[in-house]
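Engineer: could you look at this predicted model? Sequence included:
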Amino acid sequence: MPLVRIARTTIVAVISTTIIATTGAHAAQPAKGTYPERPIRLIIAQAPGGNADIIARALAEAMGERLGQTIVADNRPGASGIIATELAVKAPPDGHTLLLVPSSFGVNPAARRNLPYDQLRDLAPITLVAMAPNVLVVGPALPIKSVADLVNAAKANPGKLTYGSSGNLGSPHLAGELFELMTQTDMVHVPYKGAAAAMIDLVAGRISLSFASLPSAIAHIRSGRLQALAVTTEKRFPLMPDLPTVSESGLPGFETSAWQGLVAPARTPPAIIKRLNSEAVSVIKQPAMHERMVQNGAAPVGSTPEELWDFARKQIEKWGKVIKAAGITPN
């Protein structure tokens, strides 16, 4: 009998030791199925080096630190964000591929024929990251000091004033189309291959005005080479707090912006979306990130997923109406 008791005690001791050792080994290793399991790919619809790209990379770095995994920036510019979006739509919905959508997301359904995806169905919202204003600037030769002056000049000279943009159907172009529709004026759109070329011609007096991105125009404004009349966002912008909005300058309801939203492939698990939203919003609300975004011409937001999709739907509806009213043919 004593031998049996010793044997049983020994067996129990061995089993207990094995369980403790096994538990300890598992505790020292990441549990299988935890998120994220590997580096995350962030597809960026803009080219490297621009202000939107700078903001995207700063967001990726800070989120990666919080998630404990590297977020790798993958720039896929072209076709108004369609190339980048199609890549994201086709990616596995496991949270390891994200997409930073540009404001063309709200334009493409009306501006492009036969999109290879349904944006709101094939993607899952995470958060509205930031909104960047356009700034209404006029050249040095024009005796225009306010939005009211510009409206009066445009009405007195139909088809004579020209506004430059960084390209067709971008935020600066559509801001001009919206301005014409709301003021019932007729101006001539001059598209350029990039904002820098438009600013060169505006400073030289070869075009009349532009609804420019703030980063492309701010140095010219500060030097006095361009006259800033207003910003196009709903609220004034922190870098130029004394500059009114177009809306408060006689065109109530006028609002345009170049915005960025963070999304994932559809069917990404809700728990992962919730985690990504929490981390992204926490990063966006940090004072250092807030200041970095503002210095790069964008106002930080940080919304719920539902708020992002509500905003996107309104953008799609709004620009669909503007494009139709302006007689722009989808391509």
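Structural biologist: That came in fine, so what should we check first?
Engineer: all strands of the stretch 151-300 of the chain, in order?
Structural biologist: Secondary structure of the stretch 151-300 of the chain by DSSP state E, counting those that start in this stretch: the strands cover 162-165, 188-191, 209-213, 227-231, 257-265, 299-300.
Engineer: looking at these, which is buried most?
Structural biologist: With neighbours taken as mean count of other Cβ atoms under 10 Å, those reach their highest mean count in strand 209-213, at a mean of 28. Every C-beta, even on glycine, is put in place using the N, C-alpha and C of the backbone.
Engineer: now do that one against strand 227-231, angle only.
Structural biologist: Per axes from the mean of the first three to the mean of the last three Cα atoms, to 10 degrees, the angle that strand 209-213 makes with strand 227-231 is 60 degrees.
Engineer: so Val231 makes contact with Asp242?
Structural biologist: No. In this structure, Val231 is not within contact of Asp242 by Cβ atoms under 8 Å, at 10.8 Å.
Engineer: if we can go back for a sec, okay, the strands of the stretch 151-300 of the chain in TSV with mean pLDDT and distance to Gln69 next?
Structural biologist: Formatted as TSV, the strands of the stretch 151-300 of the chain follow (pLDDT from 0 to 100; distance: least, Cβ to Cβ, whole Å):
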stretch	mean pLDDT	distance to Gln69
strand 162-165	98	39
strand 188-191	98	41
strand 209-213	97	32
strand 227-231	98	37
strand 257-265	98	15
strand 299-300	96	23
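Engineer: wait, which of these is closest to Val283?
Structural biologist: Among the strands of the stretch 151-300 of the chain, the nearest to Val283 by Cβ to Cβ is strand 299-300 (9.5 Å).
Engineer: now do that closest one: distance to the chain's middle.
Structural biologist: Relative to its parent chain, strand 299-300 has a centroid offset of 10 Å by Cα atoms, centre = their mean, to the nearest Å.
Engineer: then stretch 267-280?
Structural biologist: 18 Å.
Engineer: now do the buried residues in that stretch.
Structural biologist: Buried residues in stretch 267-280, counted by 16 or more other Cβ atoms under 10 Å: Thr268, Ile272, Ile273, Arg275, Leu276, Asn277, Glu279, Ala280.
Engineer: in helices, which of these fall?
Structural biologist: Under the assignment DSSP state H, those contribute Ile272, Ile273, Arg275, Leu276, Asn277, Glu279, Ala280 to helices.
Engineer: which secondary structure state does the residue nearest to the third one when sequence neighbours are not counted sit in?
Structural biologist: Leaving aside its sequence neighbours, Arg275 sits nearest to Tyr35 (Cβ to Cβ, 6 or more residues apart in numbering; 6.6 Å). Here Tyr35 takes the coil state, with states given by DSSP: H, G, I helix; E, B strand; the rest coil.
Engineer: contact partners for Tyr35?
Structural biologist: Counting by Cβ atoms under 8 Å, 6 or more residues apart in numbering, Tyr35 makes contact with Gly95, Ala271, Ile272, Arg275.
Engineer: the stretch 101-250 of the chain: helices as residue ranges?
Structural biologist: Applying DSSP state H, counting those that start in this stretch to the stretch 101-250 of the chain gives helices spanning 108-111, 119-122, 147-156, 171-183, 195-203, 214-223.
Engineer: how about Gly95, phi and psi?
Structural biologist: Main-chain dihedrals, Gly95, degrees, to the nearest 10: phi 80, psi 0.
Engineer: let me see the contact set for Val231.
Structural biologist: Going by Cβ under 8 Å, 6+ apart, Val231 touches Pro133, Asn134, Val135, Leu136, Leu214, Phe237, Met240, Leu243, Pro244, Thr245, Val246.
Engineer: now do 10 Å
Structural biologist: By Cβ atoms under 10 Å, 6 or more residues apart in numbering, the residues touching Val231 are 132-136, 211, 214, 237, 239-240, 243-249, 255-257, 299.
Engineer: so where is the chain shaky, pLDDT-wise?
Structural biologist: For the chain, the stretches flagged by pLDDT under 70 are 1-33.
Engineer: spatially central residue for it, please.
Structural biologist: In the chain, the C-alpha closest to the average C-alpha coordinate belongs to Gln260, at a distance of 0.8 Å (Cα atoms, centre = their mean).
Engineer: domain ranges for the chain, per the record?
Structural biologist: The record's domain split for the chain, according to automatic domain parsing, is 40-131+257-325, 133-249.
Engineer: these into a markdown table, with extra columns for distance to Asn331?
Structural biologist: Converted to a markdown table, these look like this (distance: least, Cβ to Cβ, whole Å):
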| stretch | distance to Asn331 |
| --- | --- |
| domain 40-131+257-325 | 7 |
| domain 133-249 | 9 |
